[in-house]
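Enquirer: A structural model of the following input is requested.
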Amino acid sequence: MRRLIAALVIAVLAFVLVGCGGGGEPAEPAEAPPADAPAPVEPVVVEPEYVTDRSANDNDLDPTPFPSFTSTDTPAVFTEKIAAGRAMVILFFDPAQQVTGTLRPEVDAVMQDYRGLVDLVTFDVGGSADSDSAKRAVVYASELGVLNTPYLIVVDEGGFITWRWKGYVDRAYIEREVERATK
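Expert: Numbers count the residues shown, from 1 in each chain. Model (predicted):
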């Protein structure tokens, strides 16, 4: 039995060696290009056009406690809802963006279905530069790590941020996250 196994192993190794190029005749050397031939032209590498990365959402992070603001006082709307144990959906938006117009009906539909269980807090970061409310909204957004709009943050009843999403998201996904935050 051992001789049969040894013969099979040797046969397999021989086939592998031949298949990998070993044991064959040596390859002929390639001809050198003539001395007066032009040098080969290297291909031009074209950088791809920048595309917004919408795949890098923070929806896979572990729940984190709602942060204390460092550059300003934590807005009363946040502290009151967290102290009362109310879940909330925070929406940072810019009405000038088309995606805001498509996202807002989705959020409103979920809020209608979960009325009384979750509160909606919105911040318009696209207001005029002279507007005090727009300035405060931008500060709040930066404190919460919001870099793009629209941006949704779901805070559960315990005061933990359970979900973050930038850009458009459909109603079913928002509803699932709101339901999870209210249980």
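
Enquirer: which residue, other than its chain neighbours, is closest to D170?
Expert: The shortest distance from D170 to any residue other than its chain neighbours is 6.1 Å, reached at E106 (C-beta to C-beta, 6 or more residues apart in numbering). Just so you know, the C-beta spots here come from the backbone N, C-alpha and C atoms, and that holds for glycine as well.

Enquirer: what is the neighbour count of the one you found?
Expert: Neighbour count for E106, taken as other C-beta atoms under 10 Å: 18.

Enquirer: for it, what are its contacts?
Expert: By C-beta atoms under 8 Å, 6 or more residues apart in numbering, E106 lies in contact with Y168, V169, D170, R171, I174.

Enquirer: now do S133
Expert: By C-beta under 8 Å, 6+ apart, S133 lies in contact with D124, G127.

Enquirer: helices of this protein, start to end?
Expert: Assigned by DSSP state H, the helices in the chain fall at 2-19, 76-83, 98-113, 132-143, 171-182.

Enquirer: which stretch in those has the least confidence?
Expert: Mean pLDDT is lowest for helix 2-19 out of the helices of the chain, coming in at a mean of 74.

Enquirer: could you dump it to PDB, C-alpha only?
Expert: Only the C-alpha atoms of helix 2-19 are listed here, as PDB (Å, rounded to 0.1, in the frame of the first residue of the first chain):
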ATOM      1  CA  ARG A   2       2.800   2.400   0.900                       C
ATOM      2  CA  ARG A   3       4.500   1.800  -2.500                       C
ATOM      3  CA  LEU A   4       1.200   2.600  -4.300                       C
ATOM      4  CA  ILE A   5       0.900   5.900  -2.400                       C
ATOM      5  CA  ALA A   6       4.500   6.800  -3.000                       C
ATOM      6  CA  ALA A   7       4.100   6.100  -6.700                       C
ATOM      7  CA  LEU A   8       1.000   8.300  -6.900                       C
ATOM      8  CA  VAL A   9       2.800  11.200  -5.000                       C
ATOM      9  CA  ILE A  10       5.800  11.000  -7.400                       C
ATOM     10  CA  ALA A  11       3.500  10.900 -10.400                       C
ATOM     11  CA  VAL A  12       1.600  14.000  -9.200                       C
ATOM     12  CA  LEU A  13       4.800  15.900  -8.500                       C
ATOM     13  CA  ALA A  14       6.100  15.100 -11.900                       C
ATOM     14  CA  PHE A  15       2.900  16.400 -13.500                       C
ATOM     15  CA  VAL A  16       3.100  19.500 -11.400                       C
ATOM     16  CA  LEU A  17       6.700  20.100 -12.300                       C
ATOM     17  CA  VAL A  18       6.000  19.800 -16.000                       C
ATOM     18  CA  GLY A  19       2.900  21.900 -15.800                       C
END
